[in-house]
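J.: Turn this into a structure:
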Amino acid sequence: MPALLANPFRAPRKGKQIGEGRAVLVIPGLATGDISTLLMRRTLRARGFVPSGWRLGMNHGADLAKLARLEARVAALHSQTGRKVVVIGWSLGGLYARILGQRASEHIASVITVGSPFSGGRRDNAGWRYYELINDHSVDNPPFAEDFSQKPPMPTVAIWSAIDGIVAAHSARGRDDESDLRIEVKAQHFALGTSRRCIEQVIDAIAMADTLG
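T.: Numbers count the residues shown, from 1 in each chain. I've put the predicted structure just below:
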């Protein structure tokens with residue numbers, strides 16, 4: 001949490017330029033907003049990508065209106081850059097990312113989930129009670145018709161941690177048929193998107209996804 005709150009004051013590491021001007025949409029997790037992904041987006045920009053936050057305030061849960069706006073954003077980013085968009089979702093944001101991959105496949109190059117509970121039982125994770133407390137639907141009955149566990153039809157990478165502490169490892173890792181590649185990192189949940197080391201692994205995941213396309 002301290003690293004997350006310090007994001008506005010942290011500088012990215014420099015590294016290999018692999019972005020080539022490609023757009024990246026980064027979706028935050030439950031009860032967080034774009035401030036939580038600021039260091040990740042700064043690092044992506046430093047590597048030659050054109051990153052964008054989701055610009056929808058706090059992510060309180062599955063919301064059809066927000067999903068529709070994200071679909072429009074992905075289409076616009078594809079049109080503006082002439083390149084398909086990389087979509088990264090951290091925690092709950094990864095569920096949005098996977099649904100976007102299913103709904104807007106013509107605009108998306110790859111989907112990267114980071115500590116996202118897309119697989120297994122929806123009550124296998126520590127945050128489900130809080131989710132239901134702040135939403136008008138249960139974790140078992142989200143407003144999206146699509147199945148989170150179904151692999152989108154483009155290169156899909158699942159980043160997971162055995163010491164996450166909030167999302168169960170099997171939920172974020174998923175089965176072999178639910179993603180193209182599964183990458184284990186050693187970090188707790190709130191470090192997955194704020195640790196410079198983990199952000200480097202997210203960027204590596206984009207490069208790996210490129211080889212799968």
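J.: so where is this structure shaky, pLDDT-wise?
T.: Applying pLDDT under 70 to the chain picks out residues 1, 3.
J.: For the residue positioned nearest the centre of it, grab phi and psi.
T.: When Cα atoms, centre = their mean is applied to the chain, the residue found nearest the centroid is Gly89 (0.9 Å). In terms of degrees, to the nearest 10, the main-chain angles of Gly89 are phi -130, psi 130.
J.: and the gap between it and Asn135?
T.: The gap separating Gly89 from Asn135 is 18 Å, by Cβ to Cβ, to the nearest Å. For glycine as for every other residue, the C-beta is placed from the backbone atoms N, C-alpha and C.
J.: Quick check: the residue nearest to the centre of the chain vs Lys16, distance?
T.: Gly89 is 24 Å from Lys16, by Cβ to Cβ.
J.: With Trp160 instead?
T.: 24 Å.
J.: So which of these two has more stuff around it?
T.: Trp160 (25 against 9; other Cβ atoms under 10 Å).
J.: isn't that one right up against Ala168?
T.: No - with contact defined as Cβ atoms under 8 Å, Trp160 does not reach Ala168; the gap is 9.2 Å.
J.: from what I can see Ile35 touches Pro8, true?
T.: Yes - if you go by Cβ under 8 Å, Ile35 and Pro8 touch, sitting 6.5 Å apart.
J.: Which one's more surrounded, these two?
T.: Taking neighbours as other Cβ under 10 Å, Ile35 and Pro8 compare with Ile35 leading, 14 against 9.
J.: any idea how far the spatially closest residue to the more buried one that is not a sequence neighbour lies from Asn59?
T.: Ranked by Cβ to Cβ, 6 or more residues apart in numbering and with sequence neighbours excluded, the top spatial neighbour of Ile35 is Asn7, at 5.8 Å. To Asn59, Asn7 is 15 Å away according to Cβ to Cβ.
J.: before we move on, what about Pro117?
T.: As judged by Cβ to Cβ, Pro117 and Asn59 stand 14 Å apart.
J.: Give me the more crowded residue out of the two.
T.: Counted by other Cβ under 10 Å, Pro117 and Asn59 do not tie: Pro117 has more neighbours, with 31 against 25.
J.: Quick check: chain neighbours aside, which residue is closest to Ile134?
T.: Per Cβ to Cβ, 6+ apart, closest to Ile134 is His60, 5.6 Å.
J.: so when I look at the one you found, I'm seeing a helix, right?
T.: No - checked against DSSP: H, G, I helix; E, B strand; the rest coil, His60 lies outside a helix; its state is coil.
J.: tally of neighbours for it?
T.: The criterion is other Cβ under 10 Å. On that basis, His60 has 15 neighbouring residues.
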